Structure formats: C-alpha cells, structure tokens
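S.K.: no sequence for this one, just the structure:
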C-alpha cells in the first residue's frame with residue numbers, strides 16, 4: 001500500500017516525540033547539574049560534588065552500550081517498531097522517579113545510589129531509541145525527502161533541548177532561588193515523565209517499516225547483525241563515529257556545559273546566559289529542518305562539509321568571543337553556532353543511514369551513536385571540568401573540537417553508501 005504524505009508526516013511526528021523526550025532529559029540533567037550536585041551529594045566541597053554528578057551523567061551514557069546492543073538487535077531481527085514502546089517506557093518512568101527521589105539530606109548515600117540506577121535505566125533505553133527511530137524514518141520516508149525526514153526527526157529531538165532550557169529558565173524567573181532549589185527543580189523532571197507516558201500512548205498507531213518487511217520476506221534478516229558489522233564493516237563504523245563526534249561534542253560544550261563557564265569564569269549574568277542558550281536550541285532545531293531540506297537538493301555530504309568547516313572556524317574564535325565580555329558578541333556567536341550545528345546535524349544522520357544496508361542498519365546506527373555518546377560524550381563534561389579545575393587549561397575544548405573537525409573533513413571523502 002502506498003504511503004501518503006499525510007501518513008508520512010504523522011509518522012515523523014510520532015517518532016520525533018521519543019527523540020524530543022530523549023534530548024529533553026539529556027539537556028535537563030546537564031542544566032540541572034549544580035542543583036543535583038547540591039541535593040544528592042555531600043556538598044561540603046562543591047567541586048567534588050559537581051564531579052560526582054558528572055560521573056552519574058557519564059554512567060547513564062555508558063549504559064547506552066548495553067541498551068544499544070539489545071534494542072538495535074531487536075530492531076534488526078524483530079522489526080523497528082517493537083523497541084519504540086519499550087524504550088519510551090524505560091525513559092519516562094526513571095525521569096518521573098528523579099522528580100520524586102528523596103535527597104542526600106533525607107536518606108543519605110541511598111539518594112545518589114538510586115539516582116545512579118535511574119540514570120542507568122535511562123541510558124539503557126536511550127541506547128535503542130534514536131537508532132531505531134533513525135532506521136525507521138529513513139526507510140519510511142519518500143526517496144526524495146529522506147534528508148528532510150531526518151532533519152525533522154532531529155529537529156524534534158533538539159526541540160526537546162529547547163523545551164528543557166525554556167522550562168528551566170522560566171522556572172528560575174518565576175521562582176525565588178530558594179524556592180527553586182528547595183522543590184521547584186523537581187517540576188521539569190515530572191513534566192518529562194508525564195510527556196513520556198503520553199508519547200507511549202501515541203506511538204501505538206505506528207506501522208512497521210516497509211523496508212524491513214521486504215527484507216524479512218526475502219529472508220535477508222541476519223541472526224546476529226553485530227557479528228557481520230564487526231567482520232565486514234568495522235571501518236564504516238569507525239568512519240561513522242568520527243563524522244558524528246565534532247557536532248555532538250560542540251553541541252554539548254557550546255550549548256550546554258559552557259553556559260556554566262560563561263557564568264562563573266567570565267561573569268555573565270545567569271538570566272542572560274539562559275536566554276541565549278534557549279534561543280540557541282530553538283535555532284538549532286529549526287535549521288536542522290532547513291538544512292535537511294537543502295541536503296535533498298544539493299546532497300547531504302556537501303551540506304555536512306560546509307557545516308564542519310564553519311564549525312571549525314567558529315571553534316577557533318570561541319575563546320576570544322568568551323573573553324570579550326560583550327553580550328552582543330556572545331549572542332551573535334551562539335546564533336551562528338546554532339545555525340552551523342543545524343547544518344551538521346541536518347545532514348550527518350542521513351549520511352550515516354545510507355552507509356549501511358537494511359539488514360544491519362539499526363545495529364550500525366546504534367554502534368556509531370552509542371560509541372559517540374556513551375564513550376566520548378559521556379566523559380566529556382568530566383574531562384573538560386578536570387582539565388579546567390586541576391590543570392587550569394581552558395583552551396582544551398577549543399583545541400579538541402577543532403581537531404575533531406579536521407579529522408572528519410579528511411575522512412569524509414572515504415564515504416560510501418549502500
């Protein structure tokens with residue numbers, strides 16, 4: 001049966017719900033790091049409590065590996081739709097649990113222990129959510145709109161970050177600092193849990209991917225797709241990780257953890273930083289869609305190269321911008337960075353999806369995404385914080401992201417599609 005444009009748009013919307021929730025939680029935990037470190041650890045030494053919180057942040061992303069292996073295997077052997085319901089449930093309940101979790105002052109060491117378990121459960125679910133959604137959308141979309149479809153998917157995902165930042169900054173404006181730190185911080189986590197439960201209900205109407213059904217009908221389903229990946233396509237997986245790293249790391253640093261640096265090290269007002277970061281998320285989500293559309297016209301690879309070159313240039317000037325002390329300069333920089341990241345994200349995921357065939361696509365995407373996010377992005381806040389606080393080397397993020405841009409530009413020419 002032919003897929004109508006209305007049906008395609010509805011499917012895009014429903015798939016984006018889970019992705020939006022994923023990044024809502026990701027961004028919320030990063031934004032809430034100072035509050036979480038105060039409530040769930042002994043804060044007699046604030047820097048130690050902050051590092052422990054980043055450790056729990058990392059643990060959730062390490063759990064992505066296990067979730068990625070399990071859910072992507074399920075997606076490649078049993079269908080793309082099946083993991084959707086499970087992963088969204090496993091994301092929603094722990095987020096609601098964080099909203100209700102007693103603090104260190106109330107139950108002692110059990111508080112950080114339970115928080116760690118909840119983050120691990122979320123990480124396990126997140127490992128399968130995005131890869132299954134990417135494979136499903138890529139296979140479901142019209143041939144001439146695949147990049148646009150992926151742009152919509154990740155525009156929705158990043159809108160989750162925008163909503164987290166908007167809600168966080170709104171509550172900070174409406175509540176006194178004492179009220180927010182006392183109980184107001186729980187509201188965004190409760191909202192996330194409720195939205196996730198609503199998403200589970202809405203996703204029930206999705207149909208299976210036509211490409212997977214065709215693959216199954218022709219007996220093309222592999223018993224263990226990961227074995228084939230490691231045996232025959234390991235170089236493609238490494239290439240996928242490398243082309244993902246620059247934009248993923250830049251998103252984390254420039255739109256999430258650097259906001260705290262701008263506030264503490266460069267003395268910008270907290271309200272100002274919250275507003276420009278929220279604007280950044282919105283523009284990033286919008287330009288993911290715009291550059292997804294352009295990728296269908298001038299090829300995803302070309303858009304990606306333009307985005308990475310722009311990211312390299314902006315990264316090189318980032319420290320000078322931060323040190324300028326000018327609100328106008330910082331605002332322009334965040335706007336340009338958000339647009340640039342839109343070009344990278346709006347093109348890179350369609351590139352990844354076309355690198356692998358239907359029979360192993362979900363597993364390959366999971367391996368690329370979860371290695372990037374679970375191994376590298378998971379420890380990035382911890383490493384950046386350690387280097388800045390212990391070695392006083394604030395230029396490391398700029399040098400690291402610039403290096404990633406150069407490596408990805410050098411290797412993108414080896415790209416092949418299947």
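M.R.: It's in. Quick caveat, the model's predicted, so the values are computed rather than measured.

S.K.: burial measure for residue 114, as a count.
M.R.: By the criterion of other CB atoms under 10 Å, residue 114 has 17 neighbours. For every residue, glycine as well, the C-beta is placed using N, CA and C.

S.K.: quick one: it and residue 101 touch, right?
M.R.: Yes - in this structure, residue 114 is within contact of residue 101 by CB atoms under 8 Å, at 6.0 Å.

S.K.: how about the helices of the stretch 1-150 of the chain, start to end?
M.R.: 5-31, 33-40, 46-78, 81-100, 104-107, 110-140, 146-174 (DSSP state H, counting those that start in this stretch).

S.K.: what helices or strands is the second one leaning on?
M.R.: Taking 3 or more CB pairs under 8 Å, 6 or more residues apart in numbering; DSSP states H and E as contact, the helices and strands that helix 33-40 lies on are helix 46-78, helix 104-107, helix 110-140.

S.K.: out of those helices, nearest to residue 254?
M.R.: Residue 254 sits nearest to helix 46-78 of all the helices and strands packed on helix 33-40, at 17.3 Å, using CB to CB.

S.K.: angle of the helix or strand hosting residue 292 against helix 146-174?
M.R.: Using DSSP states H and E, residue 292 sits in helix 270-298. Counting by axes from the mean of the first three to the mean of the last three CA atoms, to 10 degrees, helix 270-298 lies at 170 degrees to helix 146-174.

S.K.: so which of the helices of the stretch 1-150 of the chain gets nearest residue 238?
M.R.: Per CB to CB, nearest to residue 238 of these: helix 46-78, 15.9 Å.

S.K.: so who does residue 356 touch?
M.R.: Listed by CB atoms under 8 Å, 6 or more residues apart in numbering, the contact set of residue 356 reads 233, 236, 364-365, 418.

S.K.: mind giving me the PyMOL command for buried ones among the residues you listed?
M.R.: Selection command for PyMOL covering only the buried members of the contacts of residue 356, criterion 16 or more other CB atoms under 10 Å:
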select buried, resi 233+236+364+365
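
S.K.: of the contacts of residue 356, closest to residue 325?
M.R.: residue 365 (42.2 Å).

S.K.: quick check: the closest one touching residue 134?
M.R.: Yes - when contacts are counted by CB under 8 Å, residue 365 is listed as touching residue 134 (5.2 Å).

S.K.: and the helix holding residue 292, which residues are buried?
M.R.: So for helix 270-298, counting by 16+ other CB under 10 Å, buried means 273-296.

S.K.: SS state for residue 208?
M.R.: At residue 208 the chain is in coil, as set by DSSP: H, G, I helix; E, B strand; the rest coil.

S.K.: that one: neighbouring residues, count only.
M.R.: 16.

S.K.: how about residue 320?
M.R.: Around residue 320 there are 11 residues (other CB under 10 Å).

S.K.: may I have the predicted confidence score for it?
M.R.: On pLDDT, residue 320 comes in at 89.

S.K.: that one: which element?
M.R.: Per DSSP H and E: helix 300-323 holds residue 320.

S.K.: mind listing what's buried in that helix?
M.R.: Neighbour-count burial for helix 300-323 [16+ other CB under 10 Å]: 300-301, 303-308, 310-312, 314-315, 318, 321-322.

S.K.: quick check: angle from it to helix 146-174?
M.R.: 20 degrees.

S.K.: which helix or strand lies directly C-terminal to helix 300-323?
M.R.: helix 327-354.

S.K.: quick one: mean pLDDT for stretch 286-298?
M.R.: Averaged across stretch 286-298, the pLDDT comes to 92.

S.K.: how far does that stretch sit from the chain's center?
M.R.: Mean-position distance between stretch 286-298 and its chain equals 19 Å (CA atoms, centre = their mean, to the nearest Å).

S.K.: so which residues make contact with it?
M.R.: 144-152, 154-155, 158, 303, 307, 338-339, 341-343, 345-347, 350.

S.K.: ok so, going back, out of the helices of the stretch 1-150 of the chain, which is closest to residue 400?
M.R.: Nearest of those to residue 400, taken as CB to CB: helix 46-78 at 16.5 Å.

S.K.: which among the contacts of stretch 286-298 count as buried?
M.R.: Buried among the contacts of stretch 286-298 (16+ other CB under 10 Å): 145-152, 154-155, 158, 303, 307, 338-339, 341-343, 345-347, 350.
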